[in-house]
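Visitor: build me a structure from this.
(2 chains)
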Amino acid sequence: DGGITQSPKYLFRKEGQNVTLSCEQNLNHDAMYWYRQDPGQGLRLIYYSQIVNDFQKGDIAEGYSVSREKKESFPLTVTSAQKNPTAFYLCASTQGGLGTGELFFGEGSRLTVL
Amino acid sequence: AQSVAQPEDQVNVAEGNPLTVKCTYSVSGNPYLFWYVQYPNRGLQFLLKYITGDNLVKGSYGFEAEFNKSQTSFHLKKPSALVSDSALYFCAVRDRRGSQGNLIFGKGTKLSVKP
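Guide: This is a model prediction of the structure:
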């Protein structure tokens, strides 16, 4: 079945450590996104990529980094510079074009900093 | 600036009653509008979207939404609520002139359907 796979689903990290969240899609979508979800704040865009080897910062990119070396993969690294990394992280994708397409989401990764 | 408002943090309805989850938006141009649903500790699932044409849009699981340009609203509705509809609902908007990255989400409305 086509879809988006995020791993790990749960992740615990000590302060000062970098962690990388995986996102893989087999939908052949051009565009991929990372969102952060905090209770009562909705979804906030961290980074997005419309094509391979290109990506743009979203609204809250500080303390995060991404790469897009392959069409199907868009990993997110949460660095030690991120002041409050505990959150639910969602990866999404959509077919590129005019912006009419809906986003397809993964099941999310919950990061907890101890 | 684009924005989406979901004025109710929580909506409570009895099973079998109609439900409405409200959404208003602000964009500089004409919008693309979306509704998503999220169950606990899961990703978001697409329900429906308005792109153009008929203002009444029908989507998954019996949900529908009405685009009202004069009131800049896109309220989600269902004629008869089910307990299984209990979840977190998000409205989202994209300006037609914006880039693919500019999908703005509301803060979400928690729907609770009681038997």
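
Visitor: please name the residues that touch the residue of chain A found nearest chain B.
Guide: Per CB to the nearest CB, residue A:105 is where chain A lies closest to chain B, at 3.6 Å. The C-beta positions use only the backbone N, C-alpha and C, and glycine is treated the same way. The contact partners of residue A:105, by CB atoms under 8 Å, 6 or more residues apart in numbering or on different chains, come to A:4, A:90-92, B:36, B:43-45.

Visitor: save those as JSON lines, and put in secondary structure too.
Guide: Converted to JSON lines, these look like this (DSSP: H, G, I helix; E, B strand; the rest coil):
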{"residue": "A:4", "secondary structure": "strand"}
{"residue": "A:90", "secondary structure": "strand"}
{"residue": "A:91", "secondary structure": "strand"}
{"residue": "A:92", "secondary structure": "strand"}
{"residue": "B:36", "secondary structure": "strand"}
{"residue": "B:43", "secondary structure": "coil"}
{"residue": "B:44", "secondary structure": "strand"}
{"residue": "B:45", "secondary structure": "strand"}
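
Visitor: any regions of chain B where pLDDT drops low?
Guide: Across chain B, the ranges flagged by pLDDT under 70 are B:96-101.

Visitor: which residues in chain A form strands?
Guide: A:4-7, A:10-13, A:19-25, A:31-37, A:43-51, A:54-57, A:64-66, A:76-78, A:87-94, A:104-105, A:109-113 (DSSP state E).
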